[in-house]
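In: show me how the following folds:
(one chain, ligands or ions: 3)
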Amino acid sequence: MNNRIYLFDTTLRDGEQTPGVNLNQDEKVEIALRLEKLGIDIIEAGFAAASPGDAAAVRAVAKAVTKPLVVSLARTNKEDIDAVINAIGDFDNTGIHIFIATSPIHRERKLGMTKEQVLEKAAESVAYAAKHFSHIEFSCEDATRTELEFLSEVAEKVIEAGATVLNFPDTVGYTTPTEYIKLFEYVKANTPGIEKVRLSCHCHDDLGLALINSISSIGAGVTQVEGCINGIGERAGNVALEEVAALLETRKDYYGKETGINLVEIARTSKLVSRLTGIAIPPNKAVVGGNAYSHSSGIHQDGVIKDKSTYEILKPETIGFTETKLVMGKLSGRNALKKRFEKLGYTVGDEQLKEIFSKYKNLADRKKEIFDEDIIALLETQPSKDQSYIYNFKDFSLHILPDNQYRAFVNIVHQDGSVIEGIGEGNGPIDAIYKGIDTAISIPDTELIDYKINSISKGKDSIGEVFVKVRSKGSLYQGRAINVDIIVASADAYIDAINRISAHSEDYSTI
Ligand SMILES: CC(=O)SCCNC(=O)CCNC(=O)[C@H](O)C(C)(C)COP(=O)(O)OP(=O)(O)OC[C@H]1O[C@@H](n2cnc3c(N)ncnc32)[C@H](O)[C@@H]1OP(=O)(O)O
Ligand SMILES: CC(C)C(=O)C(=O)O
Ligand SMILES: [Mg+2]
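Out: Ligands and ions are numbered 1, 2, ... in the order given. Model prediction:
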C-alpha cells in the first residue's frame, strides 16, 4: 500500500525519558500489549544498554507481542549493540535502532568528534548490527541543526552498511515545517540508495510544532512517524501519536494516508499510559483530553443537540470514549437545560422551563459546577400551582454581638406586597434569624422541633437543603428549602413551614 504511514511508538523509550517516569518490566509489557491492540507497527521498548533491568524489559516486550516489530535503541558502539543482540537478537520480530548526533554543536561540544569520525562510527556500527538484524533504523540525532550535505553523506554510508530505515529527528524541537520538508527533499535528491530505505520523522514539541512538523514531513516522502502516547518524552515531549492517527483519519480527504491504528483503542491506551507513568492528561489536550468532547456554552450545546457535527469533527466513540458531554454551567442555555432534564427522566414544559431557567442562571452565577442533583433540586422546589404563599423571605442582615451572640434584622414580603420587619437575637445566625421571623410573623403556640441540613451535590459551594419541623396547635408542619447560601435556605425552610401552617388557619393568614 503506497499510502501507508507506519507508526513507531517510543513511549517505552523516549517516553520513559520524561522526568519522573520509571516503568518496570511488567508495566512495559502491559503498555506494549495495549500498543499492539492499538495497531502500532513498531515498538521501541527501551535502551538495552541503559541497565540490566531495561534489557530484561526489552526482551519481555519482544516475547509478549507478536504483531509489532520490537526495537531497542543503541549508541554507535559495540557494547550497546551487543546489549540489544543479547536482549532480543534471538527473536524474529525484532530490530535495532542505532543513533549518533550529527550536528556541529553535538559533534564538537558533546561527542568531541570530527565529521569523519562520526561517519566512521555510524557506518561501522550499522555494519556490525547488520550481521544480526535485518531491520536496522539509523538516526542522525539533532538532524535539524546539521549541515544538509553532511546528512546526505551519513545517510549514504549507513545505507551502504545495511540500514533499512533512516530517521532525521528534530531532537530539540527547533525546526519549522518548511525547513523540515526541505531537509527530507534535500536528502532524497542527494543520497544514492535513498529509495531503498524507509524515511522516518521524530519530532519533539519544544516550540509546540511536533505535530505540524511530523505531518508536513509526510508530504516530503516520510512514511514512518515516531512519537509517544499522550505526547510524553524528553523535555516538552514527543509528538502525540494519537494526534497523528486522529489527524490522518479525520483529514483523510486532505492527506490521503492510512495507518494501522485501531482508533477505538486510543482512549484506553492513553488512560493506561497516564496511569502507569503518573503523567496526567491535561483536560484541554487534543484527542484524549477530558474536555475534548465536552461542550459548555449555550450556543455550542444548542448546536450539538441539533447535530453533533456542528461542533465535533471527531466522534468520542471513534476514539473509545463513551459520549459527548454537555457540561452545565453559567454559560448554558435553555435547550441544554431542557435536554438535561429529559436525560434525567423529567419532562418540563416551556413555561416551567422559563421559570426554572432564571433560577438556574442565578444558581450558576454562584456555583462553580452544576451537578445533576442541583438541576433536579431546582425542579423539585418549584412551588405547586395551587399553593398560595402568604409570606416570602426577602433578605436579612446579621450583626455579631459580644459573647458569640447574633442579632438578625429580617424582612419578609407579605402576599399584599407590604414588607414586615423583624428583629431577633440568638446563639447563632440561624437561631437569630428564626427569632427575627417569629417577631415579624407572630404565630402563637408554635415551636420548632427539628432542623436538618444536607448538601445536595458536591463541593464547597454545594447547594444546602434544609428541612424543618414545626409544631403548631398540636399539629406538625414541615418546611423545606434549598439554596447555595445555607442561611437563606434555613430562613426559606422556616417560612415554608409557616406558610403551610397559615394555609390551614384563616386566623394566621391575616396576621
Ligand atoms: C536524543 C536521545 O534521546 S538519545 C537517548 C537518551 N537516552 C538515554 O541516555 C537513556 C539511557 N542512558 C543511560 O543509561 C546512560 O547514559 C548510558 C548507560 C547509556 C551511558 O552511561 P555512561 O557510560 O555513564 O555515559 P554518560 O551517559 O555519562 O555519557 C554519555 C557518553 O556517550 C557518548 N555518546 C552519546 N551519544 C553517543 C552515540 N550515539 N554513540 C556513541 N557515543 C555516544 C557521549 O559522548 C558520552 O561519552 P563520554 O563518556 O566519553 O563523554
Ligand atoms: C534517539 C533519537 C531518535 C531521539 O530520541 C531524538 O533525537 O530525539
Ligand atoms: Mg527523542
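
In: which SSE is the residue lying closest to residue 455 once chain neighbours are set aside in?
Out: The spatial neighbour of residue 455 that comes closest, neighbours along the chain excluded (Cβ to Cβ, 6 or more residues apart in numbering), is residue 462 at 4.2 Å. C-beta coordinates here come from the backbone N, C-alpha and C atoms, glycine included. Under the criterion DSSP states H and E, no helix or strand holds residue 462.

In: residue 462: neighbour count?
Out: Residue 462 has 18 neighbouring residues, counting by other Cβ atoms under 10 Å.

In: tell me who's in contact with it.
Out: Contacts were defined as Cβ atoms under 8 Å, 6 or more residues apart in numbering; by that measure residue 462 touches 455, 456, 484.

In: how near is it to ligand 1?
Out: To ligand 1, residue 462 is 48 Å away according to Cβ to the nearest ligand atom, to the nearest Å.

In: now swap in residue 481 and tell me
Out: In this structure, residue 481 and ligand 1 are 62 Å apart, going by Cβ to the nearest ligand atom.

In: where does the chain come near ligand 1, residue by residue?
Out: Taking Cβ under 6 Å from any ligand atom as the criterion, the neighbours of ligand 1 within the chain are 14, 17, 47, 49-50, 75-77, 99-100, 110-111, 141, 171, 234.

In: moving C-terminal of the host helix or strand of residue 213, what's the next helix or strand?
Out: Taking DSSP H and E as the criterion, residue 213 maps to helix 210-219. Toward the C-terminus, helix 210-219 is succeeded by strand 224-227 as the next helix or strand (DSSP H and E).

In: just checking, what packs against that next one?
Out: strand 6-9, strand 165-170, strand 198-203, helix 210-219, helix 241-250 (3 or more Cβ pairs under 8 Å, 6 or more residues apart in numbering; DSSP states H and E).

In: I'd like those laid out as JSON lines, including distance to ligand 2 and mean pLDDT.
Out: What follows is those, written out as JSON lines (distance: least, Cβ to the nearest ligand atom, whole Å; pLDDT from 0 to 100):
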{"stretch": "strand 6-9", "distance to ligand 2": "10", "mean pLDDT": "98"}
{"stretch": "strand 165-170", "distance to ligand 2": "3", "mean pLDDT": "99"}
{"stretch": "strand 198-203", "distance to ligand 2": "5", "mean pLDDT": "99"}
{"stretch": "helix 210-219", "distance to ligand 2": "11", "mean pLDDT": "98"}
{"stretch": "helix 241-250", "distance to ligand 2": "14", "mean pLDDT": "98"}
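
In: using a markdown table, please lay out these together with mean neighbour count and distance to residue 28.
Out: As requested, the helices and strands packed on strand 224-227 are arranged in a markdown table below (neighbours: other Cβ atoms under 10 Å; distance: least, Cβ to Cβ, whole Å):
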| stretch | mean neighbour count | distance to residue 28 |
| --- | --- | --- |
| strand 6-9 | 24 | 12 |
| strand 165-170 | 26 | 22 |
| strand 198-203 | 25 | 20 |
| helix 210-219 | 22 | 23 |
| helix 241-250 | 23 | 17 |
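
In: need the max-distance pair from the residues of the chain next to ligand 1.
Out: By the measure Cβ to Cβ, 77 and 234 form the most distant pair in the residues of the chain next to ligand 1, at 20.9 Å.

In: and the pLDDT for the nearest residue to residue 240 once chain neighbours are set aside?
Out: With Cβ to Cβ, 6+ apart as the measure, residue 231 is the residue that lies nearest to residue 240, at 3.4 Å, once sequence neighbours are left out. What the model reports for residue 231 is a pLDDT of 98.

In: I'd guessed residue 315 sits against residue 308; true?
Out: Yes: counting by Cβ atoms under 8 Å, residue 315 does reach residue 308; the two are 7.2 Å apart.

In: show me which residues of the stretch 51-200 of the chain sit near ligand 2.
Out: Applying the criterion Cβ under 6 Å from any ligand atom, the portion of the stretch 51-200 of the chain that neighbours ligand 2 consists of 73, 99, 139, 141, 167, 169, 171.

In: columns distance to residue 271 on top of the helices and strands packed on strand 224-227, output as JSON lines?
Out: Putting those into JSON lines (distance: least, Cβ to Cβ, whole Å) gives the following:
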{"stretch": "strand 6-9", "distance to residue 271": "16"}
{"stretch": "strand 165-170", "distance to residue 271": "28"}
{"stretch": "strand 198-203", "distance to residue 271": "24"}
{"stretch": "helix 210-219", "distance to residue 271": "21"}
{"stretch": "helix 241-250", "distance to residue 271": "11"}
